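1. quick one, structure for this:
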Amino acid sequence: MKHIISYFLLFILLITSACSSNYSDIISSPDGKIKLQVGLDDGKIYYTVNKENKPILDKSFLGFTLKDSNLNNGFEIKDIKHSTFSETWEQPWGEEISVDNTYNEMAVNIEEKSGLKRKFTIVFRAFNDGIGFRYEFPEQENLKDFVVMNELTEFALTGNHKAWSIPYNTEFYEGLYKASPVNELDTVCSPLTMETKDGMYLTIHEANLTDYAAMNVYPEDKTTVLRTYLTPWASGEKVFMTAPHVTPWRTMIIADSPGDLLLSRLMLNLNEPSKIEDTSWITPGRYIGIWWGMHMKEYTWDQGPKHGATTENVIKYIDFAAKHNFAGVLVEGWNKGWEDWQSFEFSIPYPDFDIAKITDYAASKNVKLIGHHETGGKTKNYENQMEDAFAFYQKYGVNAVKTGYVGGILDNKEMHSSQYGVRHYRKVIETAAKYQIMIDNHEPVMPTGLQRTYPNLMTQEGVRGQEWDAWSVDGGNPPEHTTIIPFTRGLAGPMDFTPVTFNFNNPVLPNTRVRTTLAKQLALFVVLYSPLQMASDMIENYEKNPEPFQFITSCPTNWSKTVVPNAKIGEYVTIARKDRNSDNWFVGSITNRDSRKLSLPLDFLDKNAKYTAKIYKDGKSANYETNPYPISIEETEVSSNSVLDIDLASSGGTAIMISKMK
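-> I've put the predicted structure just below:
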């Protein structure tokens, strides 16, 4: 009888618990280290996160403010469904071939207790490298067309961590990431990367940004509770939605080291599989361009006596590309409209640009012309011509296009990262895919892993790149810049930084220059990942430096494996990548303004094999401020048991090609 009473009391306790405000449930990462708990507190939904019993997020509340009501309290949890998933999928291009996608999922079905009884689901996923969650709105009578004024998602951090950020309204995201305590942040864009006092590394971002506004975060009342701020429309609304609809995934990478941040594929795994069945036309590669000369005032974009995009000049660049095994030549300023930046014509070349002759000649040399569409931020003008513009390029065998949106806001009205901008960028990607064209998007919305779904979205800018070393009023990118962006902007996806400038003298602005050594420029070709990787300088400067240039002409842009032997955000990073088409490895190691010595164990090489390492390193007298050009090139035999000493000058670098011996 006692047992029956005990079981009855236990049953009553379970029922009471399920109906109380303390209702909760937990999922763990597949390795059991990360735990996410969800529950109700006075009718408000919250979640918490910890790793190995160390709290990462305290109670973090969820919900929305709609235009005509709130959707953040008065909830009950109707049910919770658990599931697991595991697969290995292959990238057509990337930093490795295979990606492990294993997670535990918890779908929490939520409904208002009274009133309209509106409902939605929050789907949580726990991976070994972090967590992701999103809101899903099913079709329902009382929530059809609605307007989100604010998303109330929180990240209640458990410490005042060191955070690297740029303000969310930094034009085109082209800012210098600065470190500060979380509670001193402005409203900042993601990815937001943080280092905790006990040596953990966290990055907040989003995945699969589709028909929604980009997520930014700010510290609520200068605390360590980060609240979401969505980029608004010009009219003030954040998102126009029609159910059924889902939000982007809110993501947090949770890592034990900076290198583990770089190796996380959490964001890619939260995007949908490729919608492009035949990806054979999607081909990574190196490219050069008629571009840097414009920044150096050697050429102009618009027609005239110094016009850069002439048939004669392009053919010269094609010859150089063919000689040095570059896949393509980017040509900017070929089409009408550069005179006023108001009425670009995307199918009408300037008279001195013979596209038929150029593309025929390029094809004979096994080189591709890389097209260029600068819109000046006039998206409506571009969309009105888009089909014809991509068909025009397809006619001439151009299958890669760099797009641009220089201009503070789109169509003199909307921000790039608003729902308006997000919709436009997606239309470009999808239309380009119809014509089998790859996209390199400049002045984009911050990437969120869409290259998994649309692998023709090769690379994007959204970073303060090398061009700032040509005309920046603050003198160019500081030495620490490239030791920070792999762990911030780089976590969002491939970035077209355009490295490898060989001539540091600037006749336009003598006080502005590349603030690295020559060896660091070589190393950046490996460190800063992009499947379409540009060697930015004018070809004349490469012809004057043939020996260091050999590293660039040998370095691929598509990889089968990536490792990070050592890294410290803002100070140094070493990245090793294995060529997808050979047994060769390529290494880039860079430092900030401090010279330093690093050790590079080569334990990532195949066991019982011998290799030749060709090392391009800073010369003995190299210094980025006074003497950036000295470079030393040497060869040595190595194996997986070898440890190389890396000696980096101030803002210096080392680039290494490791070839397996037959």
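
2. okay, helices next: where are they in the chain?
-> All helices of the chain, identified by DSSP state H, fall at 2-19, 258-263, 266-269, 292-295, 311-323, 355-364, 379-395, 419-434, 468-471, 481-484, 518-527, 539-543, 546-554.

3. right, and Ile80 touches Asn109 too?
-> Yes: with contact taken as C-beta atoms under 8 Å, Ile80 and Asn109 are classed as touching, separated by 7.2 Å. No exception for glycine: its C-beta is placed from N, CA and C like everyone else's.

4. the two: who's more crowded?
-> The residue with the greater number of neighbours, taking Ile80 and Asn109 and applying other C-beta atoms under 10 Å, is Ile80; the counts read 20 against 17.

5. tell me what that one is bridged to.
-> On the basis of DSSP bridges, Ile80 is bridged to Val108.

6. grab the nearest non-local neighbour of Lys306.
-> For Lys306, ignoring the flanking residues on the chain, the nearest one in space by C-beta to C-beta, 6 or more residues apart in numbering is Thr300 at 4.8 Å.

7. give me the pLDDT for the one you found.
-> Predicted confidence (pLDDT) at Thr300: the value is 97.

8. mind listing what's buried in stretch 36-47?
-> When burial is assessed from 16 or more other C-beta atoms under 10 Å, stretch 36-47 yields the following buried residues: Leu36, Gln37, Val38, Gly39, Leu40, Lys44, Ile45, Tyr46, Tyr47.

9. pull the most distant pair out of those.
-> Within the buried residues of stretch 36-47, Leu36 and Lys44 form the most distant pair, 16.9 Å apart (C-beta to C-beta).

10. before we move on, the earlier item: just the buried residues of stretch 36-47 now: which is nearest Pro630?
-> Top of the list for closeness to Pro630, among these and by C-beta to C-beta, is Leu36 at 52.2 Å.

11. so the closest one makes contact with Phe124?
-> Yes: judged on C-beta under 8 Å, Leu36 makes contact with Phe124 at a distance of 5.6 Å.

12. okay, and the common contacts of the two?
-> A shared contact of Leu36 and Phe124, defined by C-beta atoms under 8 Å, 6 or more residues apart in numbering, is any residue touching both; here these are Ile27, Tyr47, Met106, Ile131.

13. what about the first one, distance to Phe137?
-> Noted for Ile27: a distance of 22 Å to Phe137, by C-beta to C-beta, to the nearest Å.

14. got it, and the third one?
-> According to C-beta to C-beta, Met106 and Phe137 sit 18 Å apart.

15. hmm, Asn50 is touching Asp58, no?
-> No: contact criterion C-beta under 8 Å: Asn50 and Asp58 do not qualify, at 9.7 Å.

16. can you get me a residue count around Asn72?
-> One way to gauge burial is a neighbour count; for Asn72, by other C-beta under 10 Å, it gives 18.

17. one more: the one 10 residues further on?
-> The local packing of His82 (other C-beta under 10 Å) involves 11 other residues.

18. about what we covered before: specify which member of the buried residues of stretch 36-47 is nearest to Tyr317.
-> When these are compared for distance to Tyr317, the smallest value, 52.5 Å, is given by Leu36; criterion: C-beta to C-beta.

19. so how far is Ile254 from the closest one?
-> Going from Leu36 to Ile254 by C-beta to C-beta gives 10 Å.

20. which residues do the two both contact?
-> Val49, Ile131.

21. so where's this structure shaky on pLDDT?
-> Screening the chain residue by residue with the criterion pLDDT under 70, one finds the ranges 1-24.

22. how about Glu345: what's its closest non-neighbour residue?
-> Nearest one to Glu345, counting by C-beta to C-beta, 6+ apart, is Lys336 at 4.2 Å.

23. any idea how far Asn399 is from Thr310?
-> Plainly put, Asn399 is 23 Å away from Thr310 if you go by C-beta to C-beta.

24. wait, I meant Gly421
-> Remark: distance between Gly421 and Thr310 (C-beta to C-beta) = 34 Å.

25. which of these two has more neighbours?
-> Neighbour totals were compared for Gly421 and Thr310, and Gly421 leads with 25 against 22 (other C-beta under 10 Å).

26. contacts only, for the more buried one.
-> Counting by C-beta under 8 Å, 6+ apart, Gly421 has contacts Thr231, Thr379, Leu410, Glu414, Met415, Val445.

27. I figured the third one was touching Tyr382, is that so?
-> Meaning Leu410. No: with contact defined as C-beta under 8 Å, Leu410 does not reach Tyr382; the gap is 9.9 Å.

28. tell me where the stretch 201-350 of the chain has strands.
-> According to DSSP state E, counting those that start in this stretch, the stretch 201-350 of the chain carries its strands in the segments 201-207, 215-219, 225-230, 239-242, 245-246, 249-255, 285-290, 328-331.

29. nearest to Glu154, of the ones you listed?
-> With C-beta to C-beta as the measure, strand 225-230 is the member of the strands of the stretch 201-350 of the chain nearest Glu154 (5.6 Å).

30. quick one, the closest one and strand 215-219 angle?
-> For strand 225-230 and strand 215-219, the angle between their directions (axes from the mean of the first three to the mean of the last three C-alpha atoms, to 10 degrees) works out to 150 degrees.

31. name every strand pairing with strand 225-230 and say which way it goes.
-> Each strand pairing with strand 225-230, determined using DSSP bridges, is listed with its direction: strand 154-156 (antiparallel), strand 215-219 (antiparallel).

32. could you dump these to a markdown table with mean neighbour count and distance to Val246?
-> As requested, the strands paired with strand 225-230 are arranged in a markdown table below (neighbours: other C-beta atoms under 10 Å; distance: least, C-beta to C-beta, whole Å):
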| stretch | mean neighbour count | distance to Val246 |
| --- | --- | --- |
| strand 154-156 | 22 | 19 |
| strand 215-219 | 23 | 14 |
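
33. rebuild these as CSV, extending it with distance to Arg596.
-> Shown next, in CSV, are the strands paired with strand 225-230 (distance: least, C-beta to C-beta, whole Å):
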stretch, distance to Arg596
strand 154-156, 34
strand 215-219, 33
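
34. mind checking which of these is nearest Gly476?
-> Distances from Gly476 to each of the strands paired with strand 225-230 were compared by C-beta to C-beta, and the smallest falls on strand 215-219, at 27.2 Å.

35. who touches the closest one?
-> For strand 215-219, the surrounding residues in contact (C-beta under 8 Å, 6+ apart) are 151, 153, 155, 168, 182-190, 192, 204-206, 209, 225-231, 248, 250.

36. now, of those, which are buried?
-> Buried positions within these, assessed by neighbour count (16+ other C-beta under 10 Å), are 151, 153, 155, 168, 182-183, 185, 188-190, 192, 204-206, 209, 225-231, 248, 250.

37. tell me where the stretch 501-650 of the chain has strands.
-> The residue ranges that make up the strands of the stretch 501-650 of the chain, judged by DSSP E, counting those that start in this stretch, are 532-534, 559-568, 572-579, 585-591, 596-601, 611-618, 631-638, 643-648.

38. what does the third one rub up against?
-> I take that to be strand 572-579. Contact partners of strand 572-579, identified using C-beta under 8 Å, 6+ apart, comprise 95, 258, 262, 483, 486-487, 526-527, 556, 558-567, 584-592, 596, 598, 600, 604, 646, 648.

39. could you turn the buried ones of the residues you listed into a ChimeraX selection?
-> One line in ChimeraX is enough to select the buried ones among these; burial here means 16+ other C-beta under 10 Å:
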select :95,258,262,483,486,487,526,527,556,558,559,560,562,563,564,565,566,567,584,585,586,587,588,589,590,591,592,596,598,600,604,646,648
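
40. quick one on the thing from earlier: who wins for proximity to Asp388 among the strands paired with strand 225-230?
-> Distances from Asp388 to each of the strands paired with strand 225-230 were compared by C-beta to C-beta, and the smallest falls on strand 215-219, at 34.5 Å.

41. what's the angle from that closest one to strand 249-255?
-> Computed with the same axes, to 10 degrees, the direction of strand 215-219 lies at 60 degrees from that of strand 249-255.
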